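Colleague: My questions concern the predicted model and sequence given below.
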Amino acid sequence: MSVQEQRQSRSKPSRPKLVAGGLLAAAVIGLGLWSSTPSAGPATAKSGKSDAAVQITGGGKAIQASGASVTIRGDASKISAGGALVDIAATVKGDVEAAGAEVSVKGDIGGDLRAAGALVEVSGTIGGKSHIGGASVRFDATAAKNVNVGGAAVEIGPNADIKGDLTAGAASLTIDGTIGGKAELWASAVMINGKAGSDVTANADEVIVASTAVIDGDLVVRSRNDPTIEEGARISGQVRIEEPREWWIVPNWLLSIGGAVLGIAGAILAGAVMLLIGRGVFEQGLGNAAFRPISSGFIGLAVLVLLPIIAVILMTTVIGVSVGLALLLVLPFFLVAGHAVVAACIGMWILDRSGGPRSAGRLILFILVGAVILGIVWLVPFAGPVIAFLAMLVGMGGYFRSLGGRMREGAGLPPA
């Protein structure tokens, strides 16, 4: 193994910028997923369960399913599924699209895989390309073509066998499996335990090549730190160490895209949790935002301004310290809740203005559509963030009004 160190005369970015770069590279990889997540309409086949919990055994036809919990087994020509919990273990001739808070995909997929969620696990075999994004992602499948994956924590498991190239972005990235093609890696920390059949390029603050690693090609490390190459690691090509390229220092437009993607993911996850623990309050807040947006917006603004003031006043007293701290901790919850509520309101306005009963899966679809629209609005210079913030105040006020109404009902007080 020949070692050639090439150091460029470039300014060294700070560790936080490298961490942000890893996260935002993951966000960019996952951005396309949200525009292609399933239009989770009613399932083509159901087991008699309600839309809150959908269980389907496929008979070879296309399946579209949505619900708080979606479980799919059997055979299908293609699958589109959305929900808080999505579990797919099936033989699929075509593509699979899945989105939810927790997504598990297993079985034999003949086409492409697109999966997005907070927690995503993939195993089995995939005949097409794989595009995966999430907060925590574990890929442990055999893939015939390229794999693109992004997340905060990404693991390429020991059973993974990727015949094509791997493109991965994360804060923490671990590779235990086999990559047949090239590997392009972006992360704060990269750990390579497995095998790569071609060149590996690691853009990371910390790179560790374990003793079990085999790289049949060059290893290019773009970092301000030297990589750790353990004794026993086999690298057939050169090891080149370079300073991170200037594009790796995160530009403002990439920060904006990263913020939009994180906002979309946060709204979907928050909405799924709110539907599980308090669907009635969420739906009533949705109604308040839809039919009383101006007054809800003023209520949201009042909560945003007055809640910290009340908390600070309470914290100046001995007995009010704990209550004041609690109020400060509650404020981020109201902001996230407002984002999810107004996203659902936008999605409902676009997809369904009938006012009839809606399943949990349909509400999640509303949140997804509305969150994507808000994310796009956020990217508009100057006016975009202002509009998105005002919309969030409307959602926060609608939810706070709903929560206050439920508390008054519980106390036996008349409506406000």
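Modeller: Yep, that arrived. Residues are numbered from 1 along each chain as shown.

Colleague: By residue count, tell me the biggest helix in this structure.
Modeller: helix 252-291 (DSSP state H).

Colleague: Any buried residues in it, and which?
Modeller: Neighbour-count burial for helix 252-291 flags 254, 256-276, 278, 281-290 (criterion: 16 or more other CB atoms under 10 Å). (Each C-beta comes from the backbone N, C-alpha and C, glycine too.)

Colleague: Tell me what the residue lying closest to residue 57 once chain neighbours are set aside is bridged to.
Modeller: Setting aside the residues directly before and after it, residue 57 is nearest to residue 74 in space (CB to CB, 6 or more residues apart in numbering), at 4.2 Å. For residue 74, the beta-bridge partners under DSSP bridges are residue 58, residue 90.

Colleague: Just to check, residue 74 is in contact with residue 92?
Modeller: No - between residue 74 and residue 92 there is no contact under CB atoms under 8 Å: 9.8 Å.

Colleague: Looking at the two, which has the bigger crowd around it?
Modeller: Comparing residue 74 with residue 92 by other CB atoms under 10 Å, the one with more neighbours is residue 92, at 28 against 16.

Colleague: Show the contacting residues for that one.
Modeller: 75, 76, 77, 78, 79, 107, 108, 109, 110, 111 (CB atoms under 8 Å, 6 or more residues apart in numbering).

Colleague: Kindly report the same for residue 217.
Modeller: 182, 196, 197, 198, 199, 200, 236, 237.

Colleague: Helices of the chain, residue ranges please.
Modeller: 15-36, 252-291, 293-315, 321-351, 360-378, 383-410.

Colleague: okay, the angle between the longest helix of the chain and helix 321-351?
Modeller: 80 degrees (axes from the mean of the first three to the mean of the last three CA atoms, to 10 degrees).

Colleague: Pick the one among the contacts of residue 92 closest to residue 126.
Modeller: residue 109 (4.8 Å; CB to CB).

Colleague: If that closest one is in a bridge, with which residues?
Modeller: In beta-bridge terms (that is, DSSP bridges), residue 109 pairs with residue 92, residue 126.

Colleague: ok now do it, which residues does it touch?
Modeller: 92, 95, 96, 124, 125, 126, 127, 128.

Colleague: in stretch 399-412, what's buried?
Modeller: 399, 400, 401, 402, 403, 405.

Colleague: For that stretch, give me every contacting residue.
Modeller: With CB under 8 Å, 6+ apart, stretch 399-412 has contacts from 280-282, 284-285, 287-289, 292, 296, 299-300, 303, 334, 337-338, 341, 414-416.

Colleague: what's the average pLDDT for that stretch?
Modeller: In this model, stretch 399-412 has a mean pLDDT of 80.

Colleague: now that stretch: how far from the chain's centre is it?
Modeller: Centroid displacement of stretch 399-412 relative to its chain, using CA atoms, centre = their mean, to the nearest Å, is 32 Å.

Colleague: same thing with stretch 83-102?
Modeller: On CA atoms, centre = their mean, the centre of stretch 83-102 falls 15 Å from the chain's centre.

Colleague: Please export the C-alpha coordinates of it as PDB.
Modeller: This file holds the C-alpha atoms of stretch 83-102, laid out as PDB (Å, rounded to 0.1, in the frame of the first residue of the first chain):
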ATOM      1  CA  GLY A  83     -48.400   6.500   8.300                       C
ATOM      2  CA  ALA A  84     -46.900   6.900  11.700                       C
ATOM      3  CA  LEU A  85     -45.800   3.300  11.700                       C
ATOM      4  CA  VAL A  86     -45.200   1.500   8.400                       C
ATOM      5  CA  ASP A  87     -44.100  -2.100   8.300                       C
ATOM      6  CA  ILE A  88     -43.600  -3.700   4.800                       C
ATOM      7  CA  ALA A  89     -42.500  -7.300   4.500                       C
ATOM      8  CA  ALA A  90     -43.500  -8.400   1.000                       C
ATOM      9  CA  THR A  91     -42.500  -9.500  -2.400                       C
ATOM     10  CA  VAL A  92     -42.900  -6.600  -4.800                       C
ATOM     11  CA  LYS A  93     -42.300  -6.600  -8.600                       C
ATOM     12  CA  GLY A  94     -42.000  -2.900  -8.900                       C
ATOM     13  CA  ASP A  95     -41.200   0.200  -6.800                       C
ATOM     14  CA  VAL A  96     -41.900   0.700  -3.100                       C
ATOM     15  CA  GLU A  97     -42.500   4.100  -1.600                       C
ATOM     16  CA  ALA A  98     -42.900   4.500   2.200                       C
ATOM     17  CA  ALA A  99     -43.000   7.400   4.600                       C
ATOM     18  CA  GLY A 100     -43.700   7.700   8.300                       C
ATOM     19  CA  ALA A 101     -42.300   8.300  11.700                       C
ATOM     20  CA  GLU A 102     -41.100   4.700  11.900                       C
END
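
Colleague: Make 474 the first number, not 1, from now on.
Modeller: I'll keep to 474 as the first residue from here, and by that count the last item is stretch 556-575.

Colleague: I'd assumed residue 850 was in contact with residue 861.
Modeller: Yes - look at residue 861 against residue 850 with CB under 8 Å: they come within range, at 5.3 Å.

Colleague: So for the two, which residue has more residues nearby?
Modeller: residue 861 (21 against 17).

Colleague: Provide a list of residues in contact with the closest residue in space to the more buried one that isn't next to it in sequence.
Modeller: Once flanking residues are discounted, residue 861 sits nearest to residue 851: 4.8 Å by CB to CB, 6+ apart. Residues in contact with residue 851 (CB under 8 Å, 6+ apart) are 729, 732, 733, 736, 857, 858, 861.
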